[in-house]
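Peer 1: here is a sequence together with a model predicted from it:
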Amino acid sequence: MNIADLREEYMHASLDESDVARDPIVQFNRWFDEAVAANMPMVNSMTLATVSAGGQPSARIVLLKGADASGLVFYTNYSSRKGAELAANPAAALLFHWVELEREVRIEGRVEKVSALESDEYFASRPLGSRHAAIASPQSAVVADRAVLEARFDAAAKDHGTTPVRPAHWGGYRVLPSAFEFWQGRPNRLHDRVLYTRDDDGWKIARLAP
């Protein structure tokens, strides 16, 4: 197979800057709800890009757990690689790609930890096994083999039982957006791109060339 020969034509919809919501989070939730209604798989999965203190970018998939006027929230291990990078450089980019709808949403902004109360409440809502795993896993650290992880998990389950308390190394982050871009695939690669940028007067909307 010649990868360069792979082609996809975009025919699903259009996007005009005169039709979008004035507030990007309203537009985001509109598109998110449409993705849910379309039965998109893992609709809340998003690429999170961070940059180390030395300037090395890295990206991974995480799950969106909240989106409102205060920002977009995800949860992770604060001691992980992404946690270390956010501690050194509290800025991030998010990317949603809803393939079947031929849509992307790009978001950039600074990042802060959510409150301990928010993290506690979300942690308590997780399946028990996920809570034990959050306690047990030294995320991003080198481990000898799978058996080490399973032993740590079994120990966490034994020690913390059915009501584990959120460990201090685990919790949420909130991305405070400074820019949103909504991308809609169009024929002939003349895609629609609508950019929101924030200034002292609120959000400004512009069209970008594809």
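Peer 2: Structure received.

Peer 1: give the residue spans of this structure that score low on pLDDT.
Peer 2: Where the chain drops to pLDDT under 70, the residues are 5-6, 9-11.

Peer 1: all strands for it, in order.
Peer 2: The residue ranges that make up the strands of the chain, judged by DSSP state E, are 45-51, 57-63, 66-68, 71-77, 91-98, 103-113, 170-184, 192-199, 202-208.

Peer 1: now do the third one: distance to the chain's middle.
Peer 2: It refers to strand 66-68. Here strand 66-68 is found 11 Å from its chain centre; the criterion is C-alpha atoms, centre = their mean, to the nearest Å.

Peer 1: who touches that strand?
Peer 2: Taking C-beta atoms under 8 Å, 6 or more residues apart in numbering as the criterion, the residues outside strand 66-68 that touch it are 25, 28-29, 32, 72-73, 174. Just so you know, the C-beta spots here come from the backbone N, C-alpha and C atoms, and that holds for glycine as well.

Peer 1: which parts of it are buried?
Peer 2: 66-67 (16 or more other C-beta atoms under 10 Å).

Peer 1: then stretch 190-207?
Peer 2: Of the residues in stretch 190-207, those with enough neighbours to count as buried (16+ other C-beta under 10 Å) are 191-196, 203, 205.
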